[in-house]
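*Asks:* Show me the folded form of this:
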Amino acid sequence: MSKDYYKTLGVSENAAEEDIKKAFRKLAKQYHPDRNRGDKSAEERFKEISEAYDVLGDKTKRQQYDTMRKYGAFTGGPSFDPRYSGGFDASQFERFFRFDSNEGVDIFSELFGTLFGGRPSFRQGARPRRRRQKGRDAHVSLRISFMEAVRGTEKMIIAKNPGAQLRRRKIKVKIPAGISGGDKIRLRGMGFPAETGTANGDLIVTVNVQKDQQFDRKGNDIYTKKNIAYPKAVLGGKVKVKTLSRTISMTLPPGTKPGTKLRLKGMGLSVNGIQGDQYVEVTVDIPDKVTERQKELLEELAKTME
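*Replies:* You can find the predicted model right below:
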């Protein structure tokens, strides 16, 4: 095997599911790109960690991976492909097992036939049969609001019924909290049927997120702007700021300049155990018109600052 996912996460081969999850969260937080911006090595490490957890965090994939580790090493077989998420298929081994009359069939049956509760997908002395293909995937787009992406939601979409010419069906799609624009949700078996009568394809929903007038998002961090009066920028004080969940009182330091970004720790998005922050950019309101009294005060202030 070319990759040792257990070593990547720093856990033993007998580690419990909860231990694997804890190890992933700890490493993901340490190497997340949002906390290591510009660090290519951290970015690659984060990808390795995510790939390892994608396999070891899934019971079926972990079983397949452990089997490949146990038997694939005998033949110098291919690496485990984490993208493969279906049930075990003997065709995965056909690329590196060669069968010679009865001997080849007996070897395969002994190693894998009883282990996976099935028989080889080939006849004695014959070439392995090709795996039957499932139906084509269907694709739809779904537009949601910024806050729906932040909090998560459920949406009804209209999709063509597989095999029907005119009939359409309503499908409920669960949108997870923290989803980003361009992310895809796969609904297995909801796509087009296969010509050979095997499993349907999948329905792939591409999520598009509308822009928000007040909030902007970069990773798990949230960005907003706060417009304040000139005296408040000079003197400092408390100002009201909206966050994703509520309105809070933020302390503005004296002498705050336009363009200053103030950080509200932990007020961003929380996705996969990674908590973001909110950054508030200060803008200063310069009035177009002032009263006579305000003009006098400003002129007096200007003289004291010369």
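
*Asks:* Spit out the contact partners of Ala199.
*Replies:* Contact criterion Cβ atoms under 8 Å, 6 or more residues apart in numbering gives 134-135, 189 as the residues in contact with Ala199. Heads up, the C-betas are built off the backbone N, CA and C, glycines and all.

*Asks:* ignore the last one, Arg35
*Replies:* Counting by Cβ under 8 Å, 6+ apart, Arg35 makes contact with Lys29.

*Asks:* Could you rerun that using 7 Å?
*Replies:* By Cβ atoms under 7 Å, 6 or more residues apart in numbering, the contact set of Arg35 is empty.

*Asks:* so where do the strands sit in the stretch 51-200 of the chain?
*Replies:* In chain order, the stretch 51-200 of the chain shows strands spanning 138-144, 153-160, 168-175, 184-187, with DSSP state E, counting those that start in this stretch as the criterion.

*Asks:* Please tabulate the ones you listed in JSON lines, including the columns mean pLDDT and mean neighbour count.
*Replies:* As requested, the strands of the stretch 51-200 of the chain are arranged in JSON lines below (pLDDT from 0 to 100; neighbours: other Cβ atoms under 10 Å):
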{"stretch": "strand 138-144", "mean pLDDT": "93", "mean neighbour count": "15"}
{"stretch": "strand 153-160", "mean pLDDT": "88", "mean neighbour count": "13"}
{"stretch": "strand 168-175", "mean pLDDT": "89", "mean neighbour count": "13"}
{"stretch": "strand 184-187", "mean pLDDT": "94", "mean neighbour count": "14"}
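
*Asks:* Looking at those, which is nearest to Glu299?
*Replies:* Ranking the strands of the stretch 51-200 of the chain by proximity to Glu299 (Cβ to Cβ) places strand 138-144 first, at 52.4 Å.

*Asks:* what residue ranges in the stretch 101-250 of the chain score low on pLDDT?
*Replies:* For the stretch 101-250 of the chain, the stretches flagged by pLDDT under 70 are 101-132, 161-167, 197.

*Asks:* those helices in it, which residues are they?
*Replies:* 101-108, 146-151, 230-235 (DSSP state H, counting those that start in this stretch).

*Asks:* picking that back up, Throw the strands of the stretch 51-200 of the chain into JSON lines and include distance to Val280, thanks.
*Replies:* Rendered in JSON lines, the data for those read as follows (distance: least, Cβ to Cβ, whole Å):
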{"stretch": "strand 138-144", "distance to Val280": "25"}
{"stretch": "strand 153-160", "distance to Val280": "26"}
{"stretch": "strand 168-175", "distance to Val280": "27"}
{"stretch": "strand 184-187", "distance to Val280": "32"}
